[in-house]
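Trainee: Build me a model from this:
(chains A, B and C)
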Amino acid sequence: MNTIAVIMILIGLLFFTGGAVGIIRMPDFYSRLHPAGKLDTMGLLMSMLGLAVYALGDMTLGEALTSLKIILIVVFVFITSPTATHAIVDAGVRAGLEPWTQDRH
Amino acid sequence: MDLFFLGSAIFLTLLMLLPLYRAIVGPTVLDRLIGVNAIGSKTTALLIFIGVLYHRVDMFVDISLAYAMLNFIAVLAASRYFQKRKGLYDEIEHRGS
Amino acid sequence: MEKETRATVGSRVITFLIMFAIWLLLSGRFDAFHLVLGAVSCALVAAFSADLLLPSPDLPRMPGVWWRFIKYIPWLLYQVLVANIHVMYLVFHPRMMELIDPQIMEFDSRLKSDMARVTLANSITLTPGTITIYISLYGHITFHVIDIESGKTLPWIMEARIGEVFGE
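Mentor: I've put the predicted structure just below:
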């Protein structure tokens, strides 16, 4: 059980790293949202599932409830994260920011 | 096992420096907002790590859930507030020229 | 008229059950005091605002939609994982600036109900590489893609799957 948890947490941390590096490297605001909103959500999913497996421990009622609560956080984040991303994009479009594009002539 | 969780928590904390750079430097207000949002979603995971380290996951899980909700509402409110601000354009032109 | 009231009662009961399950999960205590307190507050909320969660006219065909929606989630998660790996490859690539090609694309969706459109928009946003910018009243979707490959096929497949889920 612990091995599965460790592997999933490591994958989650890898996704988190991708998200953080992407926020730094991307050229403009719209493309920065791609790593920021999504890679972070995926990293959260992976590391939270790993922690839920670890928190399950020896399967008593209290530990199972804690695990379920961690899963509930993941479900909540999966519903709200697209909404938050969409709110930021909408603000950018309404303020009239131009998206960065590749110069192909 | 505790050592692994401690290492992961420290790594996650160091990782927050990158979005923090974006939140401080970022050319527009919305870039800063992206940085803050990324820090918030990392904190949600970090709180559970801290809970495992202190052997009180049952307590920290509630704090983490509340933090996820607060993060979501903060981003929604801030983006609604900034969408009609004129300053977005000015800031870009100052940097660009 | 008769049928409408019965549907409302049904939606209230379902709302109450969902809320009570979440109460049990969040409180984690099973003594009489906490159970009664939870039942009373869930009943109050269900009595006042059942129509927000489950609009009554849709109720008869909801079980089928939910079942198909549950079957849709693993497919969505798989697509999200694949797209995540693609975006992560882009992020860590040394010559990233030449590989990415951000564009704004648009297409007309044939989905009619609000719920189906919200699901489609959230699914497109959840998949890395594509972000929904706007959905008009007539189902015209504008979205931002990070490179052409991410946005070429996936939204169309997704639309077909979601149309299947909501029976449109």
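Trainee: How about the residue positioned nearest the centre of chain A: what's its closest non-neighbour residue?
Mentor: Computing the C-alpha centroid of chain A and ranking residues by Cα atoms, centre = their mean puts residue A:41 first, at 1.4 Å. Of all residues not flanking residue A:41 in the chain, residue A:81 sits nearest, at 4.6 Å (Cβ to Cβ, 6 or more residues apart in numbering or on different chains). All C-beta atoms are positioned from the backbone trio N, CA, C, and that covers glycine.
Trainee: Could you verify my assumption that that neighbour touches residue C:128?
Mentor: No: Residue A:81 lies out of contact with residue C:128 (Cβ atoms under 8 Å); the separation is 11.5 Å.
Trainee: who touches both of these two?
Mentor: residue A:38 (Cβ atoms under 8 Å, 6 or more residues apart in numbering or on different chains).
Trainee: Between those two, which is the more surrounded one?
Mentor: Each of residue A:81 and residue C:128 has its neighbours counted (other Cβ atoms under 10 Å in any protein chain shown); residue C:128 has more, 31 against 25.
Trainee: show me where pLDDT drops low in the chain?
Mentor: Looking at chain A here, since you left the chain open. A:103-105 (pLDDT under 70).
Trainee: let's do chain B instead
Mentor: Low-confidence segments of chain B (pLDDT under 70): B:84-97.
Trainee: cool, and chain C?
Mentor: Applying pLDDT under 70 to chain C flags residues C:1-8, C:50, C:53-60, C:150-151, C:168.
Trainee: Quick test: name the residue nearest the centre of it.
Mentor: Mean-position check on chain C, Cα atoms, centre = their mean. Result residue C:119 at 4.0 Å.
Trainee: quick one: that one from residue C:165, how far?
Mentor: The spacing between residue C:119 and residue C:165, counted by Cβ to Cβ, to the nearest Å, is 8 Å.
Trainee: go on, residue B:37?
Mentor: Distance from residue B:37 to residue C:165, counting by Cβ to Cβ: 29 Å.
Trainee: Confirm residue C:143 sits in a strand?
Mentor: Yes: under DSSP: H, G, I helix; E, B strand; the rest coil, residue C:143 sits within a strand.
Trainee: Surely it touches residue C:131?
Mentor: Yes: judged on Cβ under 8 Å, residue C:143 makes contact with residue C:131 at a distance of 6.1 Å.
Trainee: The most centrally placed residue in chain B: what's it in contact with?
Mentor: In chain B, the residue lying closest to the centroid (Cα atoms, centre = their mean) is residue B:39, at 1.9 Å. Taking Cβ under 8 Å, 6+ apart, we find residue B:39 in contact with B:16, B:19-20, B:23.
Trainee: tell me which of the residues you listed is nearest to chain A?
Mentor: Comparing those against chain A with Cβ to the nearest Cβ places residue B:19 closest, at 5.4 Å.
Trainee: How about the contacts made by that closest one?
Mentor: For residue B:19, the contact set (Cβ under 8 Å, 6+ apart) comprises A:20, A:23, A:36, B:34-36, B:38-39, B:42.
Trainee: what's the burial count for residue 95?
Mentor: Because you didn't say which chain, this covers chain A. Neighbour tally, residue A:95, other Cβ under 10 Å: 20.
Trainee: Can you look at chain C instead?
Mentor: Residue C:95: 7 surrounding residues under other Cβ under 10 Å.
Trainee: and if you look at residue C:137?
Mentor: Neighbour count of residue C:137, defined by other Cβ under 10 Å: 5.
Trainee: residues in contact with it?
Mentor: No contacts exist for residue C:137 under Cβ under 8 Å, 6+ apart.
Trainee: and the gap between it and residue C:131?
Mentor: 20 Å.
Trainee: ok, then the element right after the one helix or strand the residue nearest to the centre of chain B maps to?
Mentor: Element membership for residue B:39 (DSSP states H and E) is helix B:29-53. Per DSSP H and E, the first helix or strand lying C-terminal to helix B:29-53 is helix B:57-82.
Trainee: For that next one, list every residue counted as buried.
Mentor: Buried residues in helix B:57-82, counted by 16 or more other Cβ atoms under 10 Å in any protein chain shown: B:57, B:60-62, B:64-65, B:67-68, B:71-72, B:75-76, B:78-79, B:82.
Trainee: the domain parsing of chain C - what is it?
Mentor: Using automatic domain parsing, the domain ranges for chain C come out as C:2-54, C:62-165.
Trainee: what packs against the longest helix along chain C?
Mentor: The longest helix of chain C (DSSP state H) is helix C:62-92. Here helix C:62-92 touches helix A:2-25, helix A:40-56, helix C:114-126, helix C:148-152, helix C:154-165, going by 3 or more Cβ pairs under 8 Å, 6 or more residues apart in numbering or on different chains; DSSP states H and E.
Trainee: so which of those helices comes closest to residue C:92?
Mentor: Ranking the helices and strands packed on helix C:62-92 by their distance to residue C:92 (criterion: Cβ to Cβ) puts helix A:2-25 first, at 6.8 Å.
Trainee: and the closest one, how far out from the chain's middle?
Mentor: Relative to its parent chain, helix A:2-25 has a centroid offset of 9 Å by Cα atoms, centre = their mean, to the nearest Å.
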